[in-house]
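Visitor: Just to be clear, the model below is a prediction. Sequence and coordinates:
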Amino acid sequence: MSLTDILSRMRGAERLAGRDEGSVTLVAVSKVQPLERVEAVLAEGHRVFGENYVQEAAGKWPALRERFGTVELHMIGPLQTNKAKVALDLFDAIHTVDRPSLAEKLARLAEARGTCPELFVQVNTGEEPQKAGVLPDEVDGFVARCRALGLPVRGLMCIPPEDEESTPHFATLAGMAERNGLTGLSMGMSADFEAAIALGATHVRVGSAIFGARDYG
Ligand SMILES: *Cc1c(COP(=O)(O)O)cnc(C)c1O
């Protein structure tokens, strides 16, 4: 796969779903990838990237932004409250707002700086004990709480359980977003981004299908 292949598959999925071409944002997930692969995708002109770890992103992106110009960076990994300040300096969007203590911290920091990245509330649609995210029953209350704090909630995000069909999870997330008046849906990864687009994804997070397998060794 390559960036071009993924983009053309996205455009095809948009057409099939009767959605505007180019309406879905590709967040190219560059976590743990060798720098030369990331540089290659930047050189092809892509400017929207996702990272999972604040420290890794902070070590890599300031220099890349100097070289390649404006890059939109999305935080898609769990965010520790004590890294929230660094995250606000670095990221244009945070997809993993998943608990009141983090929402409150972000609200305090955002107020002090006068700006806030676009936020997505992560929902644990599969109710998996080891996974981050607000439980389905708590979504409406949590979104209301974030709004009361003045946070710019753009939408919802989910990571379906690995051993299940993703489509029911995407449909559930879309329903939750709609009833909360949220237009953003961050869902779909390398294996299922076309299904996510069919169900209304506005942001797909694709890593290995663009960059190749990740080597955590
Ligand atoms: C790593 C990661 C992705 C990308 O996964 P691929 O299967 O490589 O496309 C997407 N979303 C999140 C939250 C991730 O951690």
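Guide: Okay, I see it.

Visitor: check contacts around T70.
Guide: R47 (C-beta atoms under 8 Å, 6 or more residues apart in numbering). The C-beta positions use only the backbone N, C-alpha and C, and glycine is treated the same way.

Visitor: L119 - that's part of a strand, no?
Guide: Yes. Per DSSP: H, G, I helix; E, B strand; the rest coil, L119 lies within a strand segment.

Visitor: So it is in contact with G150, correct?
Guide: No. Using C-beta atoms under 8 Å, L119 is not in contact with G150; the gap is 11.1 Å.

Visitor: With neighbour numbers in mind, choose between the two.
Guide: L119 (23 against 10; other C-beta atoms under 10 Å).

Visitor: Kindly state the beta-bridge partners for that one.
Guide: Here L119 shows beta-bridge partners I94, V153, assigned using DSSP bridges.

Visitor: Could I get the contacting residues of it?
Guide: Taking C-beta under 8 Å, 6+ apart, one finds A93, I94, V97, L106, C146, L151, P152, V153, R154 in contact with L119.

Visitor: swap in R205?
Guide: V27, V29, G50, H74, I76, H95, S186, G188, M189.

Visitor: repeat that with 6 Å
Guide: Residues near R205 by C-beta atoms under 6 Å, 6 or more residues apart in numbering: V27, V29, G50, I76, M189.

Visitor: Find me the pLDDT at the fourth one, would you?
Guide: You'll see I76 listed with a pLDDT of 98.

Visitor: For the protein, give me the ranges with low pLDDT.
Guide: Applying pLDDT under 70 to the chain flags residues 1, 217.

Visitor: Which parts of it are helices?
Guide: 3-16, 35-43, 54-68, 84-90, 100-113, 139-148, 167-179, 193-198, 208-211 (DSSP state H).

Visitor: and T125, which of these is closest to it?
Guide: helix 167-179 (4.4 Å; C-beta to C-beta).

Visitor: How far does the closest one sit from its chain's centre?
Guide: 16 Å (C-alpha atoms, centre = their mean, to the nearest Å).

Visitor: tell me which parts of this protein are close to the ligand?
Guide: Proximity of the chain to the ligand (C-beta under 6 Å from any ligand atom) is limited to residues 29, 31, 52, 76-77, 159, 189-190, 205-209.

Visitor: Mind checking which of those residues land in strands?
Guide: V29, R205, V206 (DSSP state E).

Visitor: between the residues you listed, which is closest to D163?
Guide: Distances from D163 to these, taken by C-beta to C-beta, are shortest for R205, at 19.3 Å.

Visitor: what about the spatially closest residue to that closest one that is not a sequence neighbour, how many neighbours?
Guide: Once flanking residues are discounted, R205 sits nearest to V27: 4.7 Å by C-beta to C-beta, 6 or more residues apart in numbering. Here the count is done by other C-beta under 10 Å, and V27 has 24 residues near it.
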